[in-house]
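In: Just need the structure, nothing else, for what follows:
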Amino acid sequence: MIEATSPSEQSLQQLYREHRGWLETWLRRRMGNAWDAADLSQDTFLRVLCNAPPLAELREPRAYLLTVGKRLLSNFYTRRHLEKAYLDALAQMPEACAPSPEQRWLLLETLQALDELLDGLPRAVRRAFLWSQLEGLGYREIAERLQVSERTVKRYMAQAYEHCLLVEL
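Out: The predicted model follows:
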């Protein structure tokens with residue numbers, strides 16, 4: 001029995017067939033790793049499937065795929081940098097204080113989720129928010145570190161809270 005496919009499924013299949021190899025090659029050149037490139041290529045098409053405008057409306061499919069792929073590539077390197085920083089911090093800890101592998105995994109997942117939540121905020125806003133929430137710094141201390149006024153720090157914090165609330169919706 002042959003199942004009929006909808007026009008949107010056919011468009012996605014065609015988009016995938018025509019551009020997957022090109023996208024994977026582009027990612028491989030930037031990453032130097034065929035396995036990661038293949039994973040990011042698949043993630044790109046999943047994003048397209050879930051978030052794209054109707055595929056028939058895409059005038060420049062490669063440009064769209066490239067934009068999505070670049071964002072995923074940026075997220076990939078951010079996550080890798082975050083993991084490295086975390087593992088470096090763990091290496092500095094005495095063995096008796098080091099978290100278990102399960103705790104490490106949970107902490108890494110939490111850090112990645114926090115990073116994704118704050119994605120899109122300007123660097124100074126992210127730093128102010130993280131210093132406040134993770135290090136417990138007051139607005140005056142944050143203002144000194146960022147070399148801005150306390151009023152600016154209050155604006156940064158309001159912006160960060162608003163961003164978090166909107167992402168949660």
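In: Past the helix or strand bottoming out on mean pLDDT in the chain, which element shows up next along the chain?
Out: Least confident helix or strand of the chain, by mean pLDDT, DSSP states H and E, is helix 101-118 with a mean of 81. Once the chain leaves helix 101-118, the next helix or strand it forms, by DSSP states H and E, is helix 123-135.
In: residue nearest the centroid of the protein?
Out: residue 75 (3.7 Å; Cα atoms, centre = their mean).
In: what about it, helix or strand, and which?
Out: Counting by DSSP H and E, residue 75 is found in helix 61-92.
In: Residue 50 too?
Out: Here residue 50, judged by DSSP H and E, is contained in helix 34-51.
In: Mind listing what's buried along that helix?
Out: Within helix 34-51, the residues that qualify as buried by neighbour count (16 or more other Cβ atoms under 10 Å) are 36, 37, 39, 40, 41, 43, 44, 45, 48. The way it works is simple: take the backbone N, C-alpha and C, and place the C-beta from them, glycine included.
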